[in-house]
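Chemist: this one's sequence-less:
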């Protein structure tokens, strides 16, 4: 809504929600090994830090616009989710029990476990 310039009373709350929930969700996806309370605290703090760093980096050369800030936060959020997805895909082989079973059978047949 903010990037299209739509005039709505819900525009500001949705933008604020996106600016907080987007990076927080991305960080929570990246930090999947933490317990839920710690992950929520780190994700909330990290989301605020990302928003502040984006605002600081865009205001230093005086190019801060609402659209630019939202697009930058959206790009960072997308990168966080892609990082978590890539790690999930890379580790999927290790968590699939059928693949582990088949690899174990191949090792036994190859004679690696013979004494």
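Modeler: That came through, no problem. These figures come from a predicted structure and were not determined experimentally. Residues are numbered from 1 along each chain as shown.
Chemist: Surely residue 81 touches residue 28?
Modeler: No: at 10.2 Å, residue 81 and residue 28 do not qualify as touching, with contact defined as C-beta atoms under 8 Å. C-beta coordinates here come from the backbone N, C-alpha and C atoms, glycine included.
Chemist: Between those two, which has more neighbouring residues?
Modeler: residue 28 (21 against 16; other C-beta atoms under 10 Å).
Chemist: any idea how far the residue lying closest to that one once chain neighbours are set aside is from residue 15?
Modeler: Counting by C-beta to C-beta, 6 or more residues apart in numbering, residue 28 lies nearest to residue 43, which is 4.2 Å off, once chain neighbours are set aside. Residue 43 is 19 Å from residue 15, where distance means C-beta to C-beta, to the nearest Å.
Chemist: Compare these two (neighbour count), which wins?
Modeler: Higher neighbour count among residue 43 and residue 15: residue 43, with 23 against 17, using other C-beta under 10 Å.
Chemist: Spit out the contact partners of the more buried one.
Modeler: 23, 24, 25, 27, 28, 31 (C-beta atoms under 8 Å, 6 or more residues apart in numbering).
Chemist: quick one: it and residue 70, what's the gap?
Modeler: 19 Å.
Chemist: cool, and residue 29?
Modeler: Residue 29 is 20 Å from residue 70, by C-beta to C-beta.
Chemist: This protein: helices as residue ranges?
Modeler: Per DSSP state H, the chain carries helices over the ranges 11-30, 36-59, 66-95, 97-110.
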